[in-house]
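Undergrad: sharing a model prediction with you, sequence too.
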Amino acid sequence: MGRVTVRRPMRRVVLDDDTRRALSRPDTLAVEEPLEIRVGGEPVVVTMRTPGDDLDLAFGFLLTEGLLEDPTGVTTGVHCADTGPDGRPTFNVLELTLAPGAALKGLAGRRTFGMTSACGICGSATIDAVADRAARDLSDDRTTVRAGVLLGLPGALRDRQSVFDRTGGLHAAGLFTTDGELVALREDVGRHNAVDKVLGHAAREIGWPLTGHVLMVSGRASFELAQKAWMAGVPVLAAVSAPSSLAVDLAERAGMTLVGFLRPPSMNVYTCEQRVLVDQR
């Protein structure tokens with residue numbers, strides 16, 4: 001696995017009423033490197049990510065983009081070792097092997113995906129396109145979660161952000177049960193990568209789709225995160241910050257509960273509010 005953090009020189013400048021000083025010292029930064037995912041020798045996507053949990057990332061991406069129907073379609077994943085300009089080994093190409101009879105859907109005539117750490121949606125411009133790929137309606141999902149449990153999730157997520165503590169530069173995503181038990185947590189420079197890592201890990205460990213769970217993200221709830229939650233069959237998406245208008249529209253179409261500004265002691269419930277039990281703690 002590649003390095004998750006690096007040390008770089010930095011000059012800290014402090015100017016206030018009583019102090020004028022500059023101090024040179026090293027700082028710890030989150031690593032951002034490309035990962036190329038190949039399936040059967042063919043490149044599928046290049047994404048900018050924080051190294052680590054690359055197999056989970058690949059599974060999550062393929063599943064939430066609708067390219068893979070379930071995790072059993074992939075049998076192995078192996079890094080192709082190389083060296084970077086500094087002579088250190090890199091692990092920035094991941095080769096996946098499909099199970100006999102398995103195939104990726106929707107790749108014919110399609111160019112390789114290109115993704116930055118800031119943009120997760122590729123090839124889907126409309127809610128209708130996502131709906132066609134998701135092929136599931138969450139409105140009949142009877143999952144409920146107590147408001148008190150939801151209010152405890154931001155703290156549970158933050159307490160386990162070990163790399164963020166050192167760098168201040170990573171997004172986090174966590175998958176929880178409706179009782180607030182953490183199933184998996186991942187960090188990454190890209191919010192969509194953090195979600196793919198969590199969903200990919202959970203898919204390999206407990207199956208697909210991931211009904212009956214809550215997906216919690218450390219930043220805003222964007223369209224691509226709502227898309228990934230829908231594709232995963234997750235009935236509740238909660239975010240520390242604001243949702244976008246398109247994320248709300250998509251959640252409403254999906255029958256998914258979308259919670260924003262989840263910061264104790266309050267939250268905003270934008271869609272399918274019946275799943276949030278306000279009168280229970």
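TA: Yep, it's here.
Undergrad: who's in contact with stretch 26-41?
TA: 2-10, 43-51, 54, 57-58, 61-62, 74, 90, 92-98, 104, 117, 163, 166-167, 169-170, 189 (CB atoms under 8 Å, 6 or more residues apart in numbering). C-beta: built from backbone N, CA, C; applies to glycine.
Undergrad: for residue 153, which non-adjacent residue is spatially closest?
TA: Nearest non-adjacent residue to residue 153, counting by CB to CB, 6 or more residues apart in numbering: residue 216, 4.6 Å away.
Undergrad: scratch that, residue 262 is what I was asking about
TA: Closest residue to residue 262 apart from its sequence neighbours, by CB to CB, 6+ apart: residue 238 at 5.0 Å.
Undergrad: next, count neighbours for that neighbour.
TA: 27 (other CB atoms under 10 Å).
Undergrad: pretty sure it sits against residue 259.
TA: Yes: the pair residue 238 / residue 259 is scored as a contact, 4.1 Å apart, by CB atoms under 8 Å.
Undergrad: show me the shaky parts of the stretch 1-150 of the chain.
TA: The stretch 1-150 of the chain contains residues with pLDDT under 70 at 1-2, 83-87, 89, 107-127, 135.
Undergrad: got the domain ranges for the chain?
TA: According to automatic domain parsing, the chain comprises the domains 33-125, 138-277.
Undergrad: out of the ones you listed, which gets nearest to residue 20?
TA: Nearest to residue 20, of all these, is domain 138-277, at 24.4 Å by CB to CB.
Undergrad: now do that closest one: distance to the chain's middle.
TA: Distance of domain 138-277 from the chain centroid (CA atoms, centre = their mean, to the nearest Å) equals 9 Å.
Undergrad: just the terminal-to-terminal distance for that domain.
TA: 18 Å (CA to CA, to the nearest Å).
Undergrad: for stretch 80-91, same thing?
TA: Note: stretch 80-91 ends 6 Å apart using CA to CA.
Undergrad: got it, and stretch 235-246?
TA: Start-to-end, stretch 235-246 (CA to CA) is 17 Å.
Undergrad: same thing with stretch 41-59?
TA: Terminal-residue distance, stretch 41-59 (CA to CA): 16 Å.
Undergrad: mind listing what's buried along that stretch?
TA: 44-59 (16 or more other CB atoms under 10 Å).
Undergrad: and what of stretch 141-148?
TA: Those would be 141, 143, 145, 146, 147, for stretch 141-148 by 16+ other CB under 10 Å.
Undergrad: residue 71 contacts residue 208, correct?
TA: Yes: if you go by CB under 8 Å, residue 71 and residue 208 touch, sitting 5.8 Å apart.
Undergrad: list the residues that contact both of those two?
TA: residue 63.
Undergrad: okay, and which of the buried residues of stretch 41-59 map to helices?
TA: Judged by DSSP state H, the buried residues of stretch 41-59 include 54, 55, 56, 57, 58, 59 as members of helices.
Undergrad: with distance to residue 78 as new columns, can those residues be given to me in JSON lines?
TA: Below are those laid out as JSON lines (distance: CB to CB, whole Å):
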{"residue": "54", "distance to residue 78": "10"}
{"residue": "55", "distance to residue 78": "9"}
{"residue": "56", "distance to residue 78": "15"}
{"residue": "57", "distance to residue 78": "14"}
{"residue": "58", "distance to residue 78": "11"}
{"residue": "59", "distance to residue 78": "14"}
